[in-house]
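Chemist: need a structure here:
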Amino acid sequence: AKGTIILFLLSLAACTSKPDPEEQGALMLREARSLYASGQLSAARDTILSLRQRFPMAIEARKSAILLLDSIELQDAAGDTLKEEFFRRKLAFDLEELSIKN
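Modeler: Residues are numbered from 1 along each chain as shown. Predicted coordinates for the structure are as follows:
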């Protein structure tokens, strides 16, 4: 009887224990990767930052999230560089047009 009670309590504890932080972190990482793949860089970044805050003990998920965050930052920077180049060329074109007209 005593063994049955102990077994019951252990089973109950297993059922009511909190989810594994690594599993929860992996779910959030999967979501961030999906957002990144669909071009939603800001949402992907926010998901990673939330993962880091909510699951500080999800070490493996956080390691992978660092790499994904680096990819997000690089893609953001590349986009900024392309925009900068576009506006530089546009300005040069506009200045040339003005000098031709004058």
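
Chemist: max-length helix in this protein?
Modeler: Ranked by number of residues, the top helix in the chain under DSSP state H is helix 59-101.

Chemist: in this protein, which ranges drop under the pLDDT threshold?
Modeler: Flagging of the chain using pLDDT under 70 yields the residue ranges 1-3, 11-17, 102.

Chemist: and the longest helix of the chain, how far out from the chain middle?
Modeler: 19 Å (Cα atoms, centre = their mean, to the nearest Å).

Chemist: just checking, what packs against it?
Modeler: Under the contact criterion of 3 or more Cβ pairs under 8 Å, 6 or more residues apart in numbering; DSSP states H and E, helix 59-101 touches helix 21-37, helix 41-54. C-beta: built from backbone N, CA, C; applies to glycine.

Chemist: as a markdown table, these with distance to Ala78 and mean neighbour count would be great.
Modeler: Shown next, in a markdown table, are the helices and strands packed on helix 59-101 (distance: least, Cβ to Cβ, whole Å; neighbours: other Cβ atoms under 10 Å):
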| stretch | distance to Ala78 | mean neighbour count |
| --- | --- | --- |
| helix 21-37 | 14 | 17 |
| helix 41-54 | 11 | 17 |
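
Chemist: and the gap between Ser64 and Ser71?
Modeler: Note on Ser64: its distance to Ser71, by Cβ to Cβ, to the nearest Å, is 11 Å.

Chemist: neighbour count winner among those two?
Modeler: Using other Cβ atoms under 10 Å as the criterion, Ser64 and Ser71 rank with Ser64 on top: 19 against 13.

Chemist: could you find the closest non-adjacent residue to the more buried one?
Modeler: In space, Ser64 comes closest to Leu29 once its chain neighbours are excluded; the distance is 5.6 Å by Cβ to Cβ, 6 or more residues apart in numbering.

Chemist: ok, that neighbour touching Leu51?
Modeler: Yes - with contact defined as Cβ atoms under 8 Å, Leu29 counts as touching Leu51 (6.4 Å).

Chemist: between these two, which contacts overlap?
Modeler: Both Leu29 and Leu51 are contacted by Ala61, Ala65, under the criterion Cβ atoms under 8 Å, 6 or more residues apart in numbering.
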